[in-house]
Every structure is written in C-alpha cells, then in structure tokens.
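> would you be able to build a 3D model of this:
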Amino acid sequence: MGEFTPDSLAEKFVRNVARRSSRRGFLSRVGSALVAAPFFPLLPVARASTSNKLTDFERNAQTSDPNRCDYWRHCAIDGILCGCCGGGVHSCPPGSTPSPTAWVGTCLNPDDGRSYLIAYRDCCGMGPCAASGEDCFCDGTDRELPIYRPQSNNQIIWCFGDSSMEYHCSTAALVGLAE
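Below you'll find the predicted structure:
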C-alpha cells in the first residue's frame, strides 16, 4: 500500500473536485456573485447591529424644554437654537427666512421609544443671533455622516438658495415617523 503524503492528498482532493465540477459551472457561480455583489450594501445588516444601542445623546435626551441642546429633536442640530432668538423649535424668528434646503437626522423620542425623522433648517437673512446662555448653541453630532453625504451633515451653512447667505439660527421640524 502507498503512503499518504500531503502532495498525494492534495492531488486526490483536486482530482475529486475536477471530476464533480466544470469550467462553465465555476464561471456561472463567479458571474452570479458579481451580479449579486452590488446589492449586499442594501441589506439591513448595519441598521440591525446598531438599532438596539443607544447613543450618549439618546440616553440623556429630555422632552420638556426645546430651548436646550439636550432636547430630543436636537440630536443632529448644529447652531444657535431659534427658540432662544424669538422663534420656535420649528419656526424662524421675525425678520429671518427659512432656508430652502435642510439636512436631516433621525432622533429617538424617549417618551414613546420611537425614532422620528427631523428636518434641520437654518434661518437666514440676519446676522447670528446673540442668544444668551450656553445651552442655546448646540453641536449635535449623533450619527453625523461625512461631508460627502451633505444632506445629513450639519457642518454646512444651509442658506444657499436664499436671498442672503447670512446665518441667524437653526430649527428642528418633525417630519414624521422614521421606519
């Protein structure tokens, strides 16, 4: 009887595989993988892995005072709160106009445990609001995305498209339930 060497075992394995497969079958599997590969990022894997982990902001968010940075809608806001400048959580102060563009964020409401889509809109046309109090200037970076995804980045002055590029304050309008 012959001795089994690593070379002979490898040869036996390769011959077995060659007997049960063909070049066309191999090319077919490679082609299927190439066609399916672009769809892998669309799978809900990334969302599922982070959906049950609360961020620092979500753990400390409150629902009673919209003129504080820790208000639940302000998870991704960046700027001076319009509520501190004579406006509201979703309305610009008199004399300023809402920008025609906005950035978006998804914030968790601690009262009902549901996530909502929030549209952050800058109010333009006046100089920066001279709000008193350190809690009127917020830099919410919860789940902030890089600058190459500008619709979700809060570091941009969103007054372009308005008659004036002068920034005054920022609002946080509730758009609806995030699904």
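
> so after the helix or strand bottoming out on mean pLDDT in the chain, what's the next helix or strand?
The helix or strand of the chain with the poorest confidence is helix 45-50; it has a mean of 47 (mean pLDDT, DSSP states H and E). The helix or strand immediately downstream of helix 45-50 is helix 56-60, counting by DSSP states H and E.

> check which helix or strand covers residue 26.
Here residue 26 sits within helix 23-36, counting by DSSP H and E.

> just checking, residue 87 touches residue 121?
No: applying Cβ atoms under 8 Å as the test, residue 87 and residue 121 come out as separate, 10.8 Å apart. Where you see a C-beta, it was placed from the backbone N, CA and C, and this is true even at glycine.

> what touches both of these two?
Shared contacts of residue 87 and residue 121 (Cβ atoms under 8 Å, 6 or more residues apart in numbering): residue 171.

> which stretches of the chain have low pLDDT?
1-2, 40-52, 133, 143-158, 162 (pLDDT under 70).

> just the strands in it please.
78-80, 97-98, 103-109, 114-124, 137-139, 167-177 (DSSP state E).

> nearest to residue 29, out of the ones you listed?
Smallest distance to residue 29 across the strands of the chain (Cβ to Cβ): 38.4 Å, for strand 103-109.

> state the distance from residue 74 to residue 18.
Noted for residue 74: a distance of 63 Å to residue 18, by Cβ to Cβ, to the nearest Å.

> swap that for residue 129, sorry
75 Å.

> of these two, who's got more company?
More crowded of residue 129 and residue 18, by other Cβ atoms under 10 Å: residue 129, with 23 against 10.

> wait, isn't the more buried one in contact with residue 169?
Yes: between residue 129 and residue 169 there is a contact at 4.7 Å, judged by Cβ under 8 Å.

> intersection of neighbour lists for the two?
Joint contacts of residue 129 and residue 169 (Cβ under 8 Å, 6+ apart) are 80, 82, 84, 85, 93.

> neighbour-wise, which one of these leads?
With neighbours set by other Cβ under 10 Å, the maximum within the shared contacts of residue 129 and residue 169 is found at residue 82, which has 29 neighbours.
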